[in-house]
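> coords please:
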Amino acid sequence: SAFQYEGAHNVDGRLPSIWDTFLVETHPDIVAANGLDAVEFYYRYKEDIKAMKDIGLDTFRFSLSWPRILPNGRRTRGPNNEEQGVNKLAIDFYNKVINLLLENGIEPSVTLFHWDLPQALETEYLGFLSEKSVEDFVDYADLCFREFGDRVKYWMTFNETWSYSLFGYLLGTFAPGRGSTNEEQRKAIAEDLPSSLGKSRQAFAHSRTPRAGDPSTEPYIVTHNQLLAHAAAVKLYRFAYQNAQKGKIGIGLVSIWAEPHNDTTEDRDAAQRVLDFMLGWYLHPVV
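Alright, predicted model coming up:
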């Protein structure tokens with residue numbers, strides 16, 4: 001995720017993402033330990049790419065920062081229909097990164113969204129809880145395809161939509177930190193979490209939810225809108241860009257693997273449910 005390594009969170013026109021806000025509100029200790037500066041890839045990308053070449057990497061998967069490219073979340077039009085709202089310094093930065101990767105024989109593999117929604121869109125309409133997010137995501141994707149697609153041949157629309165929906169809207173341990181504020185309900189949710197989540201269960205047990213949400217509906221709404229946004233962005237790429245740019249586009253999903261504990265119908269059905277609710281929930285609609 002760009003937020004995890006770029007740093008420069010308030011530099012060259014970038015405005016906050018929901019992760020900036022979430023960390024400041026819930027984990028001031030991390031912020032104090034330079035959580036917003038990360039490993040400063042924004043400043044150190046040249047030496048980082050040299051290190052990639054030195055160790056023999058041939059591909060670098062990274063994400064673009066939506067709130068860096070479009071600080072207010074979307075493009076607008078000026079009085080003469082000129083494009084506004086695009087941070088040219090961000091476009092220049094990613095062009096330099098992509099060009100330097102290619103000069104060093106490293107293929108750029110680009111993710112459009114790795115959880116860092118512009119805070120402006122969260123404030124305006126609660127982000128992916130609103131269908132408005134679909135149009136804004138496609139607008140952002142269109143800009144990225146136009147600016148970088150002549151050199152980027154591998155695109156990923158979303159990274160781990162399951163994680164974004166579950167941890168952001170059921171558990172409240174990821175941005176935007178929505179979930180139940182009812183202690184009894186949170187206890188019940190914790191008890192129902194699979195043991196395979198490990199540290200995530202522990203983090204949930206010791207976390208607070210800064211914003212009240214509805215964990216019974218919101219993860220499903222967010223997933224629905226992200227799948228619509230994925231489909232619309234893929235359609236745009238295939239019809240408007242793919243023939244000329246010759247790239248590929250997909251989505252990044254995450255799943256554990258489940259097998260029946262015993263060879264019984266009950267256990268086989270249970271294993272299948274795990275895969276359906278973690279992987280099939282997202283994979284089935286897109287294939």
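> OK, contacts around residue 118?
Listed by C-beta atoms under 8 Å, 6 or more residues apart in numbering, the contact partners of residue 118 are 15-18, 66-67, 70-73. For every residue, glycine as well, the C-beta is placed using N, CA and C.
> Could you rerun that using 10 Å?
By C-beta atoms under 10 Å, 6 or more residues apart in numbering, residue 118 lies in contact with 14-18, 20, 65-74, 124, 127, 136, 140.
> Then residue 154?
Contact analysis of residue 154 by C-beta under 10 Å, 6+ apart lists 59, 61, 107-111, 247-250.
> Among the contacts of residue 118, which lie within strands?
Among the contacts of residue 118, no member falls in strands (DSSP state E).
> Of the contacts of residue 154, which is the nearest to residue 51?
Nearest to residue 51 out of the contacts of residue 154 is residue 59 (C-beta to C-beta; 14.6 Å).
> hang on, the earlier thing: for the contacts of residue 154, please prepare JSON lines with the additional fields distance to residue 224, neighbour count and pLDDT.
Formatted as JSON lines, those follow (distance: C-beta to C-beta, whole Å; neighbours: other C-beta atoms under 10 Å; pLDDT from 0 to 100):
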{"residue": "59", "distance to residue 224": "32", "neighbour count": "11", "pLDDT": "99"}
{"residue": "61", "distance to residue 224": "26", "neighbour count": "14", "pLDDT": "98"}
{"residue": "107", "distance to residue 224": "33", "neighbour count": "15", "pLDDT": "99"}
{"residue": "108", "distance to residue 224": "30", "neighbour count": "21", "pLDDT": "99"}
{"residue": "109", "distance to residue 224": "27", "neighbour count": "17", "pLDDT": "99"}
{"residue": "110", "distance to residue 224": "25", "neighbour count": "23", "pLDDT": "99"}
{"residue": "111", "distance to residue 224": "20", "neighbour count": "21", "pLDDT": "99"}
{"residue": "247", "distance to residue 224": "27", "neighbour count": "18", "pLDDT": "99"}
{"residue": "248", "distance to residue 224": "25", "neighbour count": "12", "pLDDT": "99"}
{"residue": "249", "distance to residue 224": "20", "neighbour count": "24", "pLDDT": "99"}
{"residue": "250", "distance to residue 224": "19", "neighbour count": "13", "pLDDT": "98"}
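> got a markdown table for these, with distance to residue 120 and secondary structure too?
Compiled in a markdown table, those are given as follows (distance: C-beta to C-beta, whole Å; DSSP: H, G, I helix; E, B strand; the rest coil):
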| residue | distance to residue 120 | secondary structure |
| --- | --- | --- |
| 59 | 32 | strand |
| 61 | 27 | strand |
| 107 | 32 | strand |
| 108 | 27 | strand |
| 109 | 27 | strand |
| 110 | 22 | strand |
| 111 | 21 | strand |
| 247 | 29 | coil |
| 248 | 31 | strand |
| 249 | 26 | strand |
| 250 | 28 | strand |
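> Can you pull out the low-pLDDT segments for the stretch 1-150 of the chain?
32-33 (pLDDT under 70).
> Which parts of it are strands?
With strands called from DSSP state E, counting those that start in this stretch, the stretch 1-150 of the chain shows them at 59-63, 76-77, 83-84, 107-113.
> could you dump those strands to TSV with distance to residue 53?
Listed next are the strands of the stretch 1-150 of the chain as TSV, based on distance: least, C-beta to C-beta, whole Å:
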stretch	distance to residue 53
strand 59-63	10
strand 76-77	39
strand 83-84	35
strand 107-113	12
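> among these, which is nearest residue 93?
Of all the strands of the stretch 1-150 of the chain, it is strand 59-63 that lies closest to residue 93, at 11.8 Å by C-beta to C-beta.
> for the strands of the stretch 1-150 of the chain, which one sits closest to residue 189?
Within those, the stretch nearest residue 189 is strand 107-113; the backing value is 25.7 Å (C-beta to C-beta).
> tell me which strands and helices that closest one is in contact with?
Under the contact definition 3 or more C-beta pairs under 10 Å, 6 or more residues apart in numbering; DSSP states H and E, strand 107-113 sits against strand 59-63, helix 66-69, helix 88-103, helix 132-148, strand 154-159, helix 218-240, strand 248-252.
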